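Participant: Generate coordinates for the sequence data below:
(3 chains)
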Amino acid sequence: MSALLKKDWFGLGLVLIFGSILISLFKPAFISPFNLYVLMLSVSLMLVVAMSQMIIIAIGQMNLSVGAIGGLVAISFTGLMEVYSMSILPAVLIGLLIGLACGFINGYITVKTGISAFIITLATLYIFKGMNLGITEAQPFYEIPEAVKFFGNAKIFGPIPYLVVIPIIITVLMWILMNRTSLGRYMLAYGNNVQSSELIGISSTKIVIYAHVISGLLAAIGGMLVVCRLQLGTPNIGDSWLLPSFAAPVIGGAILAGGKVDVIATAFGVILVSIISQALVIFKIDPFFVQIFLGFMILLAVFINRYREFREERRTKVFSDE
Amino acid sequence: MNNKIPNFVKTNQFGLLILVIVFICIFSFSTDGFTSRFNIYALSRVVALDIMIGLAMMVVILTGGLNLSLGALGVSAAMFGGWCMESMGIPISITIILVLAFGSFLGWINGFVTVRTGVHSFIVTLATMSIYFGFMTLLTEAEAFRKLPEAFTDFGSLKLFNKYISPLLIISVLTCFVLYYIFKYTDIGRKLIAAGANPDAAELSGISVDRMFIYCHMLSGFLAALAGIMLTARIGAAIPSMAGHLGFDWLLPAFLAPVLGGTLLSGGKVTVFGTMLGAILVTLINNGLYLIDVGEFWVRFFLGIILLGAVLLDRAREYFTVKNSIVS
Amino acid sequence: MKKFIIFLTSFFALLVSPVFAGGHGVTKVALVPGGPHPYFAAWEQAGLDAVEDFGLGKADYRVPAEWDLSQQNELIESLVGQGYNAVLVFPGDAVGTNKILGELDDAGIPTAALAGCVEQPTQAKFCFGTDTGHSAYLGTKELIKALGGKGKIAHFTGFLVDPNTTLRINAVEQAVSEAGGGVEIIQVIADIDAYEPADEKINAFMAAQGSEVDGIVTTAWVPAVVAAQALTNMGDKRIKMVGIDHDEVVLKAIKDGYVHGTMLQNPYGQGYIGSYVMDKVRQGCEFKADAPWKSTAQTDQFIDSGTVFVDISDVDTYVMAMRGISLEILETFDSTYLNCPS
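Facilitator: Here you go, the predicted structure:
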């Protein structure tokens, strides 16, 4: 039990459960099957985006171009199918390849030049988004194959949409990667302290590039899932990802200096953000407030994490005194 | 081998200056409109703003941090100014003082939270960005202040030096000199730099690093508010959307100018005139890309390429100067 | 790195094209929207057609890379350098854009506001567009008619920072209040002019209030698309919806019976007639003192480019309907509005 209490996600989990019960007491519509379906859709899309950012946070960097990669892949994916009448599978593969390439570019330049990933991904954000606008001239692609539309809207059973399958698989894989593989441990070590991890003899080049490639792939998957959901490939897919992509891992307890990320906590962060934005609509709260709310939530999470660290520090000090 | 190359040549500013000159030549020869009075005047106004925004970011980068809330802060301050002048009828000069104080206060919030939580300012200002912008839209109901005193708006369209230069540029250049003086010759300026360069050492030598970091954030808020006022004067109205959604449109020039100018993202180094040259370069390229007609949809793409090229170039220059100094 | 610079320089040099095409006195119109948006796409063809039909030098569709007043100003400033001598602009801000229009006027370049107006006093020669408030009003009226005069409706609209949004919210309220007590607005969702947030909020709304709501009116492009898509996905034909504009998703949903109808605007006509008029103005035509301007909240020099309600009966022929309106405006434009030197 006490081991459970220490987990980042334990507190969040409690908040989620009580929050949901509270909301559904006031508004029973909250637990209606259709609402759960809508909730799961929004969670699954944001989950992929948050994971894409989380892995970069793990190595102590940030990736501003997540949304731009997602957008570029989204319009390439639909463009290939509409303009070149490509079938779905090769279009998906090329989409993934583009994501991989974008991630590789980010990682390679960052690690080879030693310039902060913030600046590199700010530049590539403009490059990827610029390519997107240059190709589409801000026009959406509309011709989406029925199978893709079906995938975006059909339900497996009850309120569970097909769309959640991929994000759940990704979350599981990410958990395995971060908790059960040496690559994941190296990434966290790199995020914690570059020097000491290099002493063990891991190639930091590889770590950074792998992390960015995974981030690019996840952003690509996110972009294509949004296409399935919206049933059209619009150039502004990904524009609104930045704030939530950081919000979820931060609220979930990651600290931005890297080295401490928790896949489950991030997932809880995503669910919390989704529930709150939905609750705001259900309770008809002034749309002006939504923005402020998200900001305060991040600050609150930051303070809570700080407080917990502070307590832990005190506790370890007490122990060392003995 | 004695070091025959003067030090200035090795600096980042020199490289920038060359680039600026090269681009001016290219654009003057290849387009008809570049040197027209209309274009130069328009450029001077854009440059003025980009310099101010770049400086506002630079003083936070000094701490090794970032200020994502820059645009939201600037617009909030500008809207506050609009409210003072239009709804409260406060005279222009007092309004400007109030706006600058307000901007500094918002900057103080950023600094205080950053220092107290120990979280990277990226996350803190990401949060305050949406909070400032959210409150601004909530309080103004997204209505612009459009009936500002004429003396104020006229200033924004004033034309000096044979109608080539906007007075806004003079404000920005003066600000550069003041900041340069502060960082170079005053005690507080040196403390700010010391705190940014090596917080632990600064703390040991008796500098309150936390306080210095808060000062930097306040200065950033001050400069962003000043940029907000300038933009209001230029547009002739205080408009919630004037820096884009969440003030995001300020971010690219904000980072481009100091980074091109040689400010280190790890903190501890400021280059006021480098930032100025960086802002000039960015504006030039942006303007030139429009003039030579690459197609508006591709402008962003080329801006990104150029940013990438510039930081790579800067890295290469550093590399070669280090190698040279080892040889000599 | 040197190579990179050489590459860059030569690349730019290659891109440089002769800017001044025609001789002196040829009208070169720039059609500048507020930012990238599918609504304006019809301006491109409209401009090309205007060049062909009226012998203009140029009528180019030039898009700012972002929805941002400063970006738009910078683009317009650079257009002067490129030799354009008439500018049609969708104002980035109803007041803020006036400043640059005044500067263009000083430089001898006539301007007009297209698709949205600037507030007076202004140097813009006129404003030619959809009366957005009126369009929202008519759309709501159609919805109320379809509902049989009673029911609960929801209103989805665009960016809160867009001045049109307030006009639209007020217009919908007005139409509802005129319907007597039978109709009630149960929720207004704004600030959703991007697809992903719109998808999230509209679906959350459907989940919470879908069983209560009887009608939906949307007054911005993106919410219309997303709401039409949501109704199609749900397979819901009970909720009546009136959309706006001509996105394929909305038109298809009308054909399939999920959306009651849409309020069309006339972007093609705006670009086509707008370019024509700018050429006339440059040839020395003056607006008549007694021209039958319409008045809106922003300006009293407004020309309505037309708005049409389209439902399943005429959704296939809407292009012809709009073209008809454009030709009608064009035919009588000279005699109605202009005094030209002979």
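
Participant: which ones are touching the residue in chain B that chain C sits nearest to?
Facilitator: The minimum distance from chain B to chain C, using Cβ to the nearest Cβ, falls at residue B:33 (2.0 Å). In this view, the C-beta of every residue, glycine as well, is placed from N, C-alpha and C. When contacts are counted by Cβ atoms under 8 Å, 6 or more residues apart in numbering or on different chains, residue B:33 touches B:39, B:291, C:19, C:78, C:80, C:81, C:82, C:83.

Participant: got a winner among those for most neighbours?
Facilitator: Ranked by neighbour count (other Cβ atoms under 10 Å in any protein chain shown), those have residue C:78 at the top, with 27 neighbours.

Participant: Determine the set of other helices and strands touching the strand or helix carrying that residue.
Facilitator: Taking DSSP states H and E as the criterion, residue C:78 maps to helix C:69-81. Judged by 3 or more Cβ pairs under 8 Å, 6 or more residues apart in numbering or on different chains; DSSP states H and E, helix C:69-81 is in contact with helix B:37-61, helix B:272-291, strand C:28-32, strand C:86-89, helix C:96-106.

Participant: Quick one: the ones you listed as TSV, columns for mean pLDDT and distance to residue A:23 too.
Facilitator: Formatted as TSV, the helices and strands packed on helix C:69-81 follow (pLDDT from 0 to 100; distance: least, Cβ to Cβ, whole Å):
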stretch	mean pLDDT	distance to residue A:23
helix B:37-61	91	39
helix B:272-291	87	47
strand C:28-32	94	46
strand C:86-89	94	46
helix C:96-106	87	41
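
Participant: Quick one: closest of these to residue B:188.
Facilitator: Proximity to residue B:188 (Cβ to Cβ) singles out helix B:37-61 among the helices and strands packed on helix C:69-81, at 12.3 Å.

Participant: ok, and does that closest one reach over to chain A?
Facilitator: No. Judged by Cβ under 8 Å from any Cβ of the partner chain, helix B:37-61 stays clear of chain A, getting no closer than 10.2 Å.

Participant: So which elements touch that helix?
Facilitator: Packing contacts for helix B:37-61, counted by 3+ Cβ pairs under 8 Å, 6+ apart, involve helix B:70-86, helix B:167-185, helix B:209-235, helix B:251-261, helix B:272-291, helix C:69-81.

Participant: can you tell me which residues contact residue C:75?
Facilitator: The contact partners of residue C:75, taken as Cβ under 8 Å, 6+ apart, are B:290, B:296, C:32, C:62, C:64.

Participant: per-residue pLDDT, it?
Facilitator: On the pLDDT scale, residue C:75 is placed at 88.

Participant: before we move on, the earlier item: among the contacts of residue C:75, the buried ones, what's the ChimeraX command?
Facilitator: Buried residues within the contacts of residue C:75, by 16 or more other Cβ atoms under 10 Å in any protein chain shown, are selected in ChimeraX with:
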select /B:290,296 /C:32,62,64
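
Participant: CSV for the contacts of residue C:75, including distance to residue B:128?
Facilitator: Putting the contacts of residue C:75 into CSV (distance: Cβ to Cβ, whole Å) gives the following:
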residue, distance to residue B:128
B:290, 33
B:296, 32
C:32, 34
C:62, 36
C:64, 28
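
Participant: Tell me which two in the contacts of residue C:75 are the farthest apart.
Facilitator: B:290 and C:32 (11.5 Å).

Participant: between these two, what contacts are shared?
Facilitator: Residues touching both residue B:290 and residue C:32 (Cβ under 8 Å, 6+ apart) are C:75, C:79.

Participant: Counting neighbours, which bits of the longest helix anywhere in chain B end up buried?
Facilitator: What stands out as the longest helix in chain B, according to DSSP state H, is helix B:296-327. Within helix B:296-327, the residues that count as buried by 16+ other Cβ under 10 Å are B:296-315, B:317, B:321.

Participant: can you tell me which of the residues you listed are up against chain A?
Facilitator: Filtering the buried residues of helix B:296-327 for proximity to chain A by Cβ under 8 Å from any Cβ leaves B:297-305, B:307-308, B:311-312, B:315.

Participant: which residues of chain A fall in strands?
Facilitator: Assigned by DSSP state E, the strands in chain A fall at A:155-157, A:160-161.

Participant: How about the contacts made by residue 160?
Facilitator: Just so you know, I chose chain A. Contacts for residue A:160 (Cβ under 8 Å, 6+ apart) come out as A:37, A:40.

Participant: hmm, I had chain B in mind actually
Facilitator: Applying Cβ under 8 Å, 6+ apart to residue B:160 gives the contacts B:166, B:167, B:170.

Participant: before we move on, back to that, what angle do helix B:251-261 and the helix holding residue C:78 make with each other?
Facilitator: Relative orientation of helix C:69-81 and helix B:251-261, computed by axes from the mean of the first three to the mean of the last three Cα atoms, to 10 degrees: 70 degrees.

Participant: Could you measure from whatever residue of chain C ends up closest to chain A over to residue C:288?
Facilitator: Chain A sits closest to residue C:36 of chain C, with a gap of 3.1 Å, by Cβ to the nearest Cβ. According to Cβ to Cβ, to the nearest Å, residue C:36 and residue C:288 sit 36 Å apart.

Participant: Apart from its chain neighbours, what residue comes closest to the spatially most central residue of chain B?
Facilitator: With distances taken as Cα atoms, centre = their mean, residue B:54 lies nearest the centre of chain B, 1.7 Å away. Excluding its sequence neighbours, the residue lying closest to residue B:54 (Cβ to Cβ, 6 or more residues apart in numbering or on different chains) is residue B:257, at 2.8 Å.

Participant: from memory residue C:336 sits against residue C:291, does it?
Facilitator: Yes. Residue C:336 is within contact range of residue C:291, at 6.6 Å (criterion: Cβ atoms under 8 Å).

Participant: what residue is smack in the middle of chain C?
Facilitator: For chain C, by Cα atoms, centre = their mean, the most central residue is residue C:115; offset 4.1 Å.

Participant: In contact with it, which residues are there?
Facilitator: Residue C:115 touches C:33, C:39, C:40, C:90, C:128, C:129, C:130, C:265, C:267, C:270, C:305, counting by Cβ under 8 Å, 6+ apart.

Participant: Could you dump the residues you listed into JSON lines and include pLDDT?
Facilitator: Formatted as JSON lines, those follow (pLDDT from 0 to 100):
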{"residue": "C:33", "pLDDT": "92"}
{"residue": "C:39", "pLDDT": "86"}
{"residue": "C:40", "pLDDT": "89"}
{"residue": "C:90", "pLDDT": "93"}
{"residue": "C:128", "pLDDT": "92"}
{"residue": "C:129", "pLDDT": "89"}
{"residue": "C:130", "pLDDT": "86"}
{"residue": "C:265", "pLDDT": "89"}
{"residue": "C:267", "pLDDT": "91"}
{"residue": "C:270", "pLDDT": "93"}
{"residue": "C:305", "pLDDT": "89"}
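
Participant: Out of those residues, which sit inside strands?
Facilitator: Those of the contacts of residue C:115 lying in strands (DSSP E): C:128, C:129.

Participant: Go through the contacts of residue C:115 and name the one nearest residue A:275.
Facilitator: The nearest member of the contacts of residue C:115 to residue A:275, counting by Cβ to Cβ, is residue C:39 at 34.0 Å.

Participant: Against chain B, how distant is the closest one?
Facilitator: Going from residue C:39 to chain B by Cβ to the nearest Cβ, to the nearest Å gives 16 Å.

Participant: burial count for that residue?
Facilitator: Counted with other Cβ under 10 Å, residues neighbouring residue C:39 total 18.

Participant: if I read this right, it contacts residue C:221, doesn't it?
Facilitator: Yes. Counting by Cβ under 8 Å, residue C:39 touches residue C:221, with 5.7 Å between them.
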